[in-house]
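Undergrad: I would like the atomic coordinates for the input below:
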Amino acid sequence: MIEIGIGYNSDIGKALEIMEEEVLKHPLHIDNRTAEDLENKVPEVISRVIALGNSSVTLKVWAYSDNTANGFIMYCDLLRSIKERFDQENIEIPYSYQNVIIKETKENDASSTS
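TA: Below you'll find the predicted structure:
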């Protein structure tokens, strides 16, 4: 599974579609659907919105491989290919940031008390 946060102004449907497409075209991806899943027309790749965060909408796509080593390779490859597709399609991946507010304080004038 791959989780990626996108900006609130990004097209969620397009982002989910890109994630699914990238999984489907990866050579290490395997179709793990059962005969019952196929009969019920369960999609080969499923993606969902899983959270609404402070600065992003978190998406998840599920991808399966035949073993752990191939799964890790596929995971790394998909992070890159999804990021590249998001860049092409103007899907923003926001970065965390903080606003720092500096309040001015008045200093006591010690010299005025003579």
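Undergrad: assign Ile91 to helix, strand or coil.
TA: coil (DSSP: H, G, I helix; E, B strand; the rest coil).
Undergrad: my read: it touches Asp11, true?
TA: Yes - taking contacts as CB atoms under 8 Å, Ile91 lies within contact range of Asp11: 6.7 Å. Backbone N, C-alpha and C define where each C-beta goes, glycine included.
Undergrad: have a look at the two and say which one is more surrounded.
TA: Per other CB atoms under 10 Å, whichever of Ile91 and Asp11 has more neighbours is Ile91, with 22 against 14.
Undergrad: which ones are touching that one?
TA: Going by CB atoms under 8 Å, 6 or more residues apart in numbering, Ile91 touches 6-7, 10-11, 14-15, 18, 85.
Undergrad: now swap in Leu59 and tell me
TA: Neighbour list for Leu59: 3-6, 12, 15-16, 19, 47-50 [criterion: CB under 8 Å, 6+ apart].
Undergrad: then Ile82?
TA: Counting by CB under 8 Å, 6+ apart, Ile82 makes contact with 2, 4, 18-19, 22.
Undergrad: redo that, cut-off 10 Å
TA: Going by CB atoms under 10 Å, 6 or more residues apart in numbering, Ile82 touches 2, 4, 15, 18-19, 21-23, 59, 61, 91, 93.
Undergrad: and it, what's its pLDDT?
TA: Listed pLDDT for Ile82 reads 98.
Undergrad: can you check the one 4 residues further on too?
TA: Here, the pLDDT recorded for Phe86 equals 97.
Undergrad: count the residues that sit near the closest residue in space to it that isn't next to it in sequence.
TA: The spatial neighbour of Phe86 that comes closest, neighbours along the chain excluded (CB to CB, 6 or more residues apart in numbering), is Ile93 at 6.1 Å. Using other CB under 10 Å, Ile93 is surrounded by 15 other residues.
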